[in-house]
Every structure is written in structure tokens, then in C-alpha cells.
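Q: requesting a structural model of the entry that follows:
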Amino acid sequence: MLNPHTDRLDYGDKLRAPEGFTLSHGVATTYSLDLETLLCLPLALSFDSTLEGDLQSEKLALLEAISQLKGKVRVFFQQGEIKLPNAFNLLFSLLEPFLVPRMPDSAFSSFHPKIWLLRFINAEKNVRYRLLVLSRNLTFDRSWDLAVALEGEVSGTASSENEGLLALLQELAPYAKDFAPAFTLFKKELPTVTWQKPPGFSGLRTLLGRPGQVPLELTETADTVLVISPFLHVEALDMLMQQGQRRWLFSRAEELERLGEKRLEGWDCYALNSRLVSGEDELTHARAQNLHAKLVLLQRGAYSHWHIGSANATKAALGSTHQSPRNTEFMVRLSSASTMQSAQQLINELVGTETEPTRFFIPYVFGSLLWQAPTTTDQALRRLQHALITADWRMRVTANANNLYTCAIDCPPQLLVFAAQVQVQPLVNGHTKALDPQLVWENCSLTEISAFLIVRVTLSPEVQSTLLIKVRLDVEGGDHREQKITSSVIDSPHKLLAYIQMLLQPGHDRTEWPGSNGGGHESAEAVLSHLLGGPIHEALLQCAARQPQKLQRIDAVLGHLREVENLIPPELDMLWVQYQKLIGKKKP
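A: Model (predicted):
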């Protein structure tokens, strides 16, 4: 089941629509996210493709992929947990509508679930669902993670499998009111959606963990408890210890060393092989990684119950014998009576036998790691971070002369007491400023306006942090950044032709599209003459009959280009008048 050589999931592949289907709506949740990672995903969701190479060289495909997801996807994440990108990409601004920040209940809790729920539909209005339950965030982190991919259909028969999933969606819905139609569909259909269980499993339940509610089913004593968790609290392990007589623990070497042999007495402890962590093993391609998977397996007799998802074996996630959990978590519970899903079988796959060890995980020898206690996170820092991410940040953008803009933030009054410890700046080309009743950045171009704000906190030289938060953005006269970004990406007739051919023939090799590399030896007129006489004209006629929505997308892009800078060859402009009639529009 968890053999690293054979049992692997391709993240991009699991976001692709089934053959003959297209994405209707999708919801993702994550604790942290990387904007560059998020920028890659639309290609899988829209084009059944993966992104290879430099983001900067794929802007045409990314522009269209993001545009196709408008109104279809929302990503919920913990405010302040966006990774500061290495470099700004114009297309980051187009991701803003997809992102919905969530605030933790307290300074010492987290919004931590990690799922994708995808709804697909075909021309016959048949519906399919896919649920990905993950232990990883939306980042490029290469750590060893654990995921379950489930395919489902609307059966018409009531099922209890999705109670936890529906509860999570119910909690999310008020924070994305513009996505209400999707949540309405989920609420209507999910009670009768049944999932194809992974081989060997016969039972399935979805479990929501929230403050005061454990995301596990601990209803009966088990013979065996097996825990995989990168982060540990002994209080949570003590609670799980009471569930079984035989106990196995897989974690990071530094976490096991931190707790120590005495406090982990009663557990058989294993750590990820240090050769894998340092990137020396052949599986890793010489790139460092660590353990990030989460699993709690409870077995009684022949019956085993696998809890897979976001929850670490910590007090915040699982609570303890004396405290309730503090986090929001999500787990899926898979049940089996087969020996192939037993704790012993899993141990054989992860550890091997004495004569044939796998060397993925090795018995941990306490004292073998030179461990130093990490710098303790100051509680005052956690409280200040919580105050910063839960404040109502709003950026007002007003137009100046010469097509430049002023960006102003009225600092939330309760934060002004932290002026000496907090500095802020926009993500793009903004000077750093200390907190002040009003923060102003002058002479910004339209493409430099961003809803992402960098917040730097310094309590002492040893206690510092950087947050990237998403603020409310109000642009006077309307937000026209998409038009400007479109004209910045499609900045020549060659690129316009490349874009149109890409949209009409998405399965073709992108390197074959005219202008996809930014130029070409032929003139735009020569390429246009060839294409209009054959490939593009034929593809446009087919779209008019079968996929008129593609004509609407091309029309929207041409409209953006006319508003900002007219790069449309006259021959195409004249031809397009005929196609506008097919989509019910008059010539501009």
C-alpha cells in the first residue's frame, strides 16, 4: 500500500479531468501555500497538462489556464502563511480571486486541512467527483507525504461517508459567498456520492477535526497502534498509547530525539533514513527532503482503520487526555479486514525484515543525533502574528495622472501600538514603512498593484518573522489589471496568433505555436495569411459549431487588447466581425 517504489501519486495527474469531462467546480484547503506552486496547477485543471520549465516562458498557457478557472475554483488557506516568492510574476495578481484567507481561532491554533474536492461534468450532464485527502500543503516541498485519491459518482442513495466533508464545506461557505452556487451543488449532491474505495478497503468515512473535536474515531481499544507523524507531542502520544497494546511510531529523527527515550517508552520508534533526508539515496535525485506524512492506524484483531490526512500527533491537532484539540483538521478513515492492510504488512513495506530491510525507515537509536533545541517561538510573537493576520487590512487604489496609481492603507487602529516592531510593504516595488495611521505608496503602475502585503515583525534580533497576507483591495473606477496583464503577456501580433492557436488546439506542442517563443522569422502578416487560410479558420469554424465558449474567450481577450493597446492585425479584426455575430456581439 505504501511502497515508495510503486505506490506513488502524481499530483498534477490527479487534478486532470476524466476523459470526456471538464471541471465544473473545485475547492482546495491548505495551511500554507506557494504562489508559484499555485500558478502551476491551472494547467492540469484546464489543459490536462503539466508545467515544465521556466514559469516566465509559459505565460501564454498560464494566462489562458487561469482564465478558464474563473468562478470555478476557491483555495482556502491560513492567512499569513503564503510563502514570499523569490521573484514577482505578473500572473500572481490573477490568482487573487481564487484565494480565500482563513483565520485561526487563536494564536495557538491553525487552519490545517489539506484537500481537493473536484466536481466534473460532461456534455450529457453526467457528474463525477474526485476527493484528494493530503498530508501536504500547496508548496513545492519535497518531503515524504501521504495522500488518498477517491473517485465518486452521484448514486441517488443516501450515504454517511461524507458527513465530515459536508461539515467542512459548511464552515467554509460563509467566507466565499461569491462561490455560493458551488457550495449549493456540493450540499445537494454529496450526501449521495459514494466513493470507490482503494483496493482492500471496505469502509470509508470523512472526519472533520475542529477546536474541541478529535479528527479520529477512537471508539474501541485496539491491539496495535501505528503512528506516522513528522511533529510530536508526548501528550497526544500518551492519549493514542491508551488505544493499543503494541505501538509503532514513525517520525523525524530530530523529533524523536527531542522527546527522548524515556518519554517514548512503550513505542517502537523509527526514523526516516538519514540518507533519504540528506538526498543521498537514489530515490531522491540528490535533493534534501524529510518526513511530512500523517497516519494513525488502529487495529483490533483482523480489522484495521487507517486515518489519513492533515493531523499531526500533537496537542493542537489531536488534543490529549486532559485537553481538547485546537486546530481545524481533516482526515479520511479507511477500514479493512484484510491482512494486506494490516499494521504488520505496512511495517513490512516501510521497514522490511531483519534479513531484507527496505532502508526507508530504520530503528531509531536514541543519542545518535547531535540535537540542539530550536529557538523557542516567543509566545508574544505568536500573539502579535495572530493580531496581524486577523486585522481588517484594506488597500484603496486611486488613479493619478500619467496612468499611475496611489495605494493607501488605513492601518487597523489596534495595531498602532506595535509600530516599533512591525514594518509593511506591498509585494511589488514598494518601500518598507513602519505602521502609521495611513500608509501610502505613490506612483505605482497598474501591474504593480497587488493584494499581497509583506509584513515583517521584529521583537528582538533572535525573534523575527515575515508574513505575506492577502488584503482587501478596492480599485477606484474598477479593477482593470487583467486587461493590462493580458496586453503585457500578449504584446505582439505573433503572440496573439500563438494564443489563438493554443486555445483552439490545446493538445498541440506549445513550441509549435507561432510566436510562442516571443518572435519568429516570418512576419505576423505572413503567418496570419497562412493560418487564416487554413488552420485557424478551420478551427474557428469547428468551435463555432461545437465549442462557442472558446469564441467568447477569444472575444474577451481581443476586447482587452483593444482597451489597452491595439495589437490586432487588421485582417483578423475584419474576420472576427463574422464570428462576433455567432456569439451575439456587435462590432466594437
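Q: so what sits opposite the spatially most central residue of the chain in the bridge?
A: The centre of the chain sits closest to L138, judged by C-alpha atoms, centre = their mean, with a distance of 3.5 Å. Taking DSSP bridges, one finds L33 as the beta-bridge partners of L138.
Q: isn't Q552 up against I583?
A: Yes - taking C-beta atoms under 8 Å as the definition, Q552 is a contact partner of I583 at 5.5 Å. Glycine gets a C-beta too; all of them are placed from N, C-alpha and C.
Q: could you identify the helix or strand that succeeds the lowest-mean-pLDDT helix or strand in the chain?
A: Taking mean pLDDT, DSSP states H and E as the measure, the chain has helix 524-532 as its least confident helix or strand, at a mean of 59. As assigned by DSSP states H and E, the chain's next helix or strand after helix 524-532 is helix 535-546.
Q: so what touches that following helix?
A: By C-beta atoms under 8 Å, 6 or more residues apart in numbering, the residues outside helix 535-546 that reach it are 497, 500-501, 504-505, 531, 550-551, 575, 579, 582.
Q: quick one, which of these are buried?
A: Among the contacts of helix 535-546, those scoring as buried are 497, 500-501, 504, 531, 550-551, 579, 582 (criterion: 16 or more other C-beta atoms under 10 Å).
Q: one step back: tell me the contacts of the residue nearest to the centre of the chain?
A: 28, 30, 32-34, 37-38, 41, 75, 77.
Q: can I see the domain layout of this protein?
A: According to automatic domain parsing, the chain comprises the domains 11-195, 207-363, 379-481, 490-582.
Q: what about the first one, average pLDDT?
A: Domain 11-195 shows an average pLDDT of 91 in the prediction.
Q: what's the first-to-last distance across that domain?
A: Domain 11-195 has an end-to-end distance of 19 Å (C-alpha to C-alpha, to the nearest Å).
Q: and if you look at stretch 366-384?
A: Start-to-end span of stretch 366-384 (C-alpha to C-alpha) is 36 Å.
Q: who's I362 bridged to?
A: Beta bridges link I362 to A271, judged by DSSP bridges.
Q: and for it, the neighbour number?
A: A count of nearby residues for I362, using other C-beta atoms under 10 Å, gives 18.
Q: which residues touch it?
A: 270-271, 273, 351.
Q: give me that answer again for 7 Å
A: With contact set as C-beta atoms under 7 Å, 6 or more residues apart in numbering, I362 has these partners: 270-271, 273.
Q: what ranges does the stretch 151-300 of the chain have for its strands?
A: Secondary structure of the stretch 151-300 of the chain by DSSP state E, counting those that start in this stretch: the strands cover 193-195, 203-209, 224-228, 246-251, 268-272, 295-300.
Q: wait, which of those strands is closest to S324?
A: Closest approach to S324 among the strands of the stretch 151-300 of the chain is made by strand 203-209 (10.3 Å; C-beta to C-beta).
Q: re earlier: give me the subset of the contacts of L138 that lies in helices.
A: Among the contacts of L138, the members found in helices (DSSP state H) are 37-38, 41.
Q: which one of those residues sits closest to G478?
A: Closest approach to G478 among the ones in helices among the contacts of L138 (C-beta to C-beta): L38, at 24.8 Å.
Q: quick one: distance of the longest helix along the chain to the chain centre.
A: The residue-count maximum for a helix in the chain (DSSP H) belongs to helix 548-564. Averaged C-alpha coordinates place helix 548-564 at 29 Å from its chain's average position (C-alpha atoms, centre = their mean, to the nearest Å).
Q: tell me the first helix or strand C-terminal of it.
A: helix 570-582.
Q: keeping just the C-alphas, turn stretch 79-90 into PDB.
A: Extracted in PDB, the C-alpha atoms of stretch 79-90 (Å, rounded to 0.1, in the frame of the first residue of the first chain):
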ATOM      1  CA  GLN A  79      -3.900  34.000   6.500                       C
ATOM      2  CA  GLY A  80      -0.200  34.900   6.700                       C
ATOM      3  CA  GLU A  81       1.100  31.500   5.500                       C
ATOM      4  CA  ILE A  82       1.800  32.400   1.900                       C
ATOM      5  CA  LYS A  83       5.500  31.800   1.000                       C
ATOM      6  CA  LEU A  84       7.300  35.000   0.000                       C
ATOM      7  CA  PRO A  85       8.100  34.300  -3.700                       C
ATOM      8  CA  ASN A  86      11.700  34.600  -5.000                       C
ATOM      9  CA  ALA A  87      10.500  36.900  -7.800                       C
ATOM     10  CA  PHE A  88       7.300  38.600  -8.700                       C
ATOM     11  CA  ASN A  89       5.300  37.200 -11.600                       C
ATOM     12  CA  LEU A  90       2.600  39.400 -13.300                       C
END
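Q: for the remainder of this discussion, apply numbering that starts at 28.
A: Sure, I'll start numbering at 28, so the last one becomes stretch 106-117.
Q: list the buried residues of that stretch.
A: Quick answer for stretch 106-117 (16+ other C-beta under 10 Å): 106-110, 115-117.
Q: ranges for the helices of the stretch 378-527 of the chain?
A: In the stretch 378-527 of the chain, the segments counted as helices under DSSP state H, counting those that start in this stretch are 406-417, 508-516, 520-531.
Q: gap between the two ends of stretch 565-582?
A: In stretch 565-582, first residue to last residue: 17 Å (C-alpha to C-alpha).
Q: what comes into contact with stretch 239-246?
A: Here stretch 239-246 has contacts from 234-236, 270, 323, 332, 334, 336, 338, 345-346, 351-352, 356-358, 360, using C-beta under 7 Å, 6+ apart.
Q: what remains of those residues if I keep only buried residues?
A: 234-236, 270, 323, 332, 334, 336, 338, 345-346, 352, 356-358, 360.
Q: least confident pick among these?
A: Least confident of the buried ones among the contacts of stretch 239-246 in the model: Q270, at 77.
Q: was I right to think that residue contacts D250?
A: No - using C-beta atoms under 7 Å, Q270 is not in contact with D250, being 9.6 Å away.
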